[in-house]
Every structure is written in structure tokens, then in C-alpha cells.
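Trainee: Sharing a model that was predicted from the sequence below.
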Amino acid sequence: MDRRELARALSSADSIDAPAREFEPWRVLGVTGSPGVGKSCLVDRIVSRWLEQGERVAILAVDPSSPITGGALLGDRMRMASVDTGDNVFFRSIATRNVPGGLPTRLNRMVDLLVHEGWTRIIIETVGSGQSEIRIVSVADRLILVEGPARGDIIQAEKAGVLELADLIVVNKSDLPGADRVAEEIHLSLNLSDGESAPVILCSAETGFGIDEMIAAIDNLPNARGPAIARARERLLATHQEYLLSHPQYADVLKGLSEGRLSIEEALSILQRG
Amino acid sequence: MATPLRIVIAKPGLDGHDRGAKVVARALRDAGHEVIYTGLRRTPEQIVRIAMDEDAQVVGLSSLSGAHGFLFPRVCELLREAGLGDIVVFGGGIIPERDRPALIEAGVAAIFGPGTTSNEMVSFLEGLEV
């Protein structure tokens, strides 16, 4: 399929007819982190480097839809000069359309199609997210958590959540004061856990400091993955959610619920019938 | 709710002023559409590729530099060459009245200058058969 056909097919999950991808070697990189930490600028750096290495890189960048109007302003690509450079890079902005968990349910099938069409590296940039938003592990083979200097005290690094699932932690904005301390705190916190901890890398998408080290760390991420249970759980929940949302009676059930005609149990039992 | 339109708002050529483009992007977002903003200084070729990759139905071009007479028709021409002639192109910015007929002739569906209300623009876009 040509580029235009690919772009059209990605718009509708129903039209995607691609075999499920293999998980090894890994090729789908998730990039997550709070709003404003520099996810897009770091992705720009990673994309440039992978293009130099001869990869074909597709980026799926997710931004939030308005919960009120349903509209969205998708601005990630304006920060990525590398994505408008040629045939070997494909960039698609995706609005969440208010799916809980912040990841559109069709994302997994979009990735299957891109892999099937010969894209060798897929990057998924999540919405600026919080500590408990881990749905990305249902799609990404490997996960980078991006942090920045302006975060809270050390207790933030001790909290449970996405930090435990990340394969690599990148502390961006090393050119600003406090970044080195944050990197140190995260490093110490991870070392308290059992087993091998994820590398922590200090860098700056702005100046280029530490970028070589970050790319080398990404390229060296192993295929074997730690938290298999968490990953399986998120895949299961994401698939179940997609099943519910695509049920032909979903809109009716939602309306019935909002008007008080249905109880939550009745609503669920309707949606769980085939 | 109806499916949102996917709209690319683009700044072609050497033009560093994007307040207007951002206001338009915001207004279209608030009207419930999905707006992709390209950032500054994109070539017509890049804009066409972006419209293709993003599977947009509409492309809005903003220019305040005076080069609209070349850039807008060039985008329309490249869209047609890429098989994307069904994408609706509209323009905005500082576009003198006397330049407008030639742009419309080249394939620009509408020009919205200073003083246009968001409602005018949204009604135009929502009235399109796309």
C-alpha cells in the first residue's frame, strides 16, 4: 500500500487488516512523562539518529481531546523538525477522543499495520501523563519515562507507578539547575528495589548533552522484559475496553445510564453479551 | 457528536508571524475539530506531505508575508498531483482584495482576512461536503 493508502487506513480501525506483530526484536518505543518535560524534543533527537542509521521511523503522537467540545489541538509535530524531512519518516497526530487511560483503543492495530508495512521503528508519544497512567505498556515494547528538573521532593521518586515500569529514565533539561539532583534521587530510589534497575540518563534535548548516551542506552535495551504481568494486564484491559466501546449498543447503553433507565449492572450485562 | 474534521493549519514560506494561525487553530478546536498545527516556515511540499500523513480533510494556510500569490496556488497544485485534490484549502492572513480572485481560481476555497469571526469560518468548514 502506498503512503496515502496507509494514512487513510490508519484513520479507521475497521479498515486495518494486518497480522499481529512479533514482539522480538522489539521495535515499539513508548515515550511518556509529565506535560512540558520535553518528550517531543527528545523524540525529535531519537528520530534524527534512527534516520541516520537507515531505519524507517513512524511516530504516533497522542494529545488530549477536549472533554467538553471533543476538539483537539495537535501540536507535537511543530516541535519535531526531523519528521518533515523525507520518505523514511511518517508522523501521525492522534487525539485521545476521550478514551479512558489516554490511549486510543485502535493504537495497537495501527502499530500492527505500520510494522506490516515495513516501518522498522515505531515511537508512541503519550499525552503528558501522571504517575498512574501505564496503559502505554499495553502497546509499547519498551518504555522511556522522561523527567525534568522542576519536580517535587524525593518522595515523588519513591511513589509507585510508571517509574517502576520504565525501561529507561531520561532526565531532560540538564542545562537547567536541579536536573542533576533529580537524576540522582531517581537513581538512588530505583537502587533500593530488588533486581536490576532501569538506567537513569541525564541529558538536554536543547544542547545535545547526553543524547549520544541516551541513544546508546535505547539501542541496548534487551528483548527480555521484566514486568510481564503488568503488561499482560494492561493489554487485557485495553482489549476489553475496546470491545465495550465498539459494541453496537454502546451509545444506547450510555444514554440509558445517563437517563437512569439502566443500572450499571444492567448496562454491563448488555455490553458483555456478544 | 459528529466525527470531528481533521484540519491542518500551516504556515508556508518565510513568515514568522503565527498569532493569527494559532487563534484560528484554537477556534476550530473549540468548535470540536481536530487541528494539527505545523509550526512555522514549512515548504509547500512539506505541507502536502503533512496533509497526507495526517489524513486531513481540510488545509488552512496562513500568510502575512506577501508571498501568498505563489505559495497558496503551489500547495493546491501539489495536493492535486499527490491525488489529494479532494482536500479543501482555505487561506487567511494579509491577502489584498485584488489578489483573491487568482487564488480562488487556483483552487483556494475561501479567504478569511482580519475581522472574520470564528463563527463565519466554522460555518464555512462545517458546510463542506468532505
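Mentor: Noted; the coordinates are in hand. Numbering: from 1, shown residues only, chains lettered A, B, ... in the order given.
Trainee: what about the residue of chain B found nearest chain A, which SS state?
Mentor: Ranking the residues of chain B by distance to chain A (CB to the nearest CB) places B:Gly39 first, at 2.9 Å. For every residue, glycine as well, the C-beta is placed using N, CA and C. Secondary structure, DSSP: H, G, I helix; E, B strand; the rest coil: B:Gly39 is coil.
Trainee: likewise B:Val8?
Mentor: Three-state assignment for B:Val8 (three-state DSSP): strand.
Trainee: So it is in contact with B:Ile50, correct?
Mentor: Yes. Using CB atoms under 8 Å, B:Val8 makes contact with B:Ile50 at a distance of 5.7 Å.
Trainee: show me where pLDDT drops low in the chain?
Mentor: Defaulting to chain A. For chain A, the stretches flagged by pLDDT under 70 are A:13-15, A:100-101, A:130-132, A:151-160, A:224-227, A:274.
Trainee: try again with chain B
Mentor: B:1-2, B:130.
Trainee: Contact partners for the residue positioned nearest the centre of chain B?
Mentor: In chain B, the centroid-proximal residue (CA atoms, centre = their mean) is B:Gly60; its distance is 1.1 Å. Neighbouring residues of B:Gly60 by CB atoms under 8 Å, 6 or more residues apart in numbering or on different chains: B:7-10, B:21, B:24, B:28, B:89-92.
Trainee: So which of those residues is the closest to A:Trp119?
Mentor: Distances from A:Trp119 to these, taken as CB to CB, are shortest for B:Val8 (21.5 Å).
Trainee: Alpha carbons only: can I get stretch A:21-30 in PDB?
Mentor: These are the backbone C-alpha positions of stretch A:21-30, laid out as PDB (Å, rounded to 0.1, in the frame of the first residue of the first chain):
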ATOM      1  CA  ARG A  21       3.200  -8.200  15.000                       C
ATOM      2  CA  GLU A  22       6.000 -10.200  16.500                       C
ATOM      3  CA  PHE A  23       7.400  -8.800  19.800                       C
ATOM      4  CA  GLU A  24      11.000  -9.700  19.200                       C
ATOM      5  CA  PRO A  25      13.100  -8.000  18.300                       C
ATOM      6  CA  TRP A  26      11.400  -5.000  20.000                       C
ATOM      7  CA  ARG A  27      10.500  -2.100  17.700                       C
ATOM      8  CA  VAL A  28       7.800  -0.100  19.500                       C
ATOM      9  CA  LEU A  29       9.100   2.600  21.800                       C
ATOM     10  CA  GLY A  30       6.800   4.400  24.200                       C
END
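Trainee: outside of it, which residues touch it?
Mentor: By CB under 8 Å, 6+ apart, the residues outside stretch A:21-30 that reach it are A:46, A:111-112, A:115-116, A:120-124, A:126, A:136-137, A:139-144, A:218, A:221, A:223, A:225.
Trainee: What about those residues, which are in helices?
Mentor: If you go by DSSP state H, the contacts of stretch A:21-30 have A:46, A:111-112, A:115-116, A:218 in helices.
Trainee: So for B:Val8 and B:Ile50, which residue has more residues nearby?
Mentor: Neighbour count, other CB atoms under 10 Å in any protein chain shown: between B:Val8 and B:Ile50, B:Val8 has more, with 30 against 22.
Trainee: Now the terminal residues of stretch A:220-238, how far apart.
Mentor: Length of stretch A:220-238, first residue to last, CA to CA, to the nearest Å: 28 Å.
Trainee: now that stretch, how far from the centre of its chain.
Mentor: On the basis of CA atoms, centre = their mean, to the nearest Å, stretch A:220-238 sits 13 Å off its chain's mean C-alpha point.
Trainee: What residue in chain A comes nearest to chain B?
Mentor: Counting by CB to the nearest CB, chain A gets nearest chain B through A:Met78, at 2.9 Å.
Trainee: Identify each buried residue in stretch A:202-211, please.
Mentor: For stretch A:202-211, burial by neighbour count (16 or more other CB atoms under 10 Å in any protein chain shown) applies to A:202-205, A:210-211.
Trainee: farthest-separated two in those?
Mentor: A:Leu202 and A:Ala205 (11.9 Å).
Trainee: Next, count neighbours for B:Asp86.
Mentor: B:Asp86 has 10 neighbours, counted by other CB under 10 Å.
Trainee: Quickly find the element holding it.
Mentor: For B:Asp86, there is no host helix or strand (DSSP states H and E).
Trainee: likewise B:Ala25?
Mentor: helix B:19-30.
Trainee: just how off-centre is that helix within its chain?
Mentor: Worked out by CA atoms, centre = their mean, helix B:19-30 lies 12 Å from the chain centre.
Trainee: where do the helices sit along chain A?
Mentor: Using DSSP H, helices in chain A cover A:3-10, A:39-52, A:107-116, A:155-158, A:162-165, A:179-191, A:211-219, A:228-245, A:250-258, A:264-272.
Trainee: Count the residues that sit near the nearest residue to A:Ile136 once chain neighbours are set aside.
Mentor: Closest residue in space to A:Ile136, ignoring its immediate chain neighbours: A:Gly30 at 4.3 Å, by CB to CB, 6 or more residues apart in numbering or on different chains. Residues within reach of A:Gly30, counting by other CB under 10 Å, total 27.
Trainee: do the same with B:Gly115
Mentor: Considering only other CB under 10 Å, B:Gly115 is surrounded by 6 other residues.
Trainee: Who are the contact partners of A:Leu145?
Mentor: Listed by CB under 8 Å, 6+ apart, the contact partners of A:Leu145 are A:32-33, A:162-163, A:166, A:168-170.
Trainee: Could you give the bridge partners of it?
Mentor: Beta-bridge partners recorded for A:Leu145 (DSSP bridges): A:Thr32, A:Ile169.
Trainee: what's the distance between it and A:Ala228?
Mentor: Between A:Leu145 and A:Ala228 the computed distance is 19 Å (CB to CB, to the nearest Å).
Trainee: Now do the longest helix that chain B contains: which elements does it pack against?
Mentor: Selection of the longest helix in chain B by residue count, based on DSSP H, yields helix B:68-81. Under the contact criterion of 3 or more CB pairs under 8 Å, 6 or more residues apart in numbering or on different chains; DSSP states H and E, helix B:68-81 touches helix B:44-53, strand B:58-63, strand B:88-93, helix B:100-106.
Trainee: quick revisit: tabulate the helices of chain A in JSON lines, adding columns for distance to chain B.
Mentor: Shown next, in JSON lines, are these (distance: least, CB to the nearest CB, whole Å):
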{"stretch": "helix A:3-10", "distance to chain B": "5"}
{"stretch": "helix A:39-52", "distance to chain B": "11"}
{"stretch": "helix A:107-116", "distance to chain B": "12"}
{"stretch": "helix A:155-158", "distance to chain B": "32"}
{"stretch": "helix A:162-165", "distance to chain B": "26"}
{"stretch": "helix A:179-191", "distance to chain B": "26"}
{"stretch": "helix A:211-219", "distance to chain B": "21"}
{"stretch": "helix A:228-245", "distance to chain B": "14"}
{"stretch": "helix A:250-258", "distance to chain B": "10"}
{"stretch": "helix A:264-272", "distance to chain B": "20"}
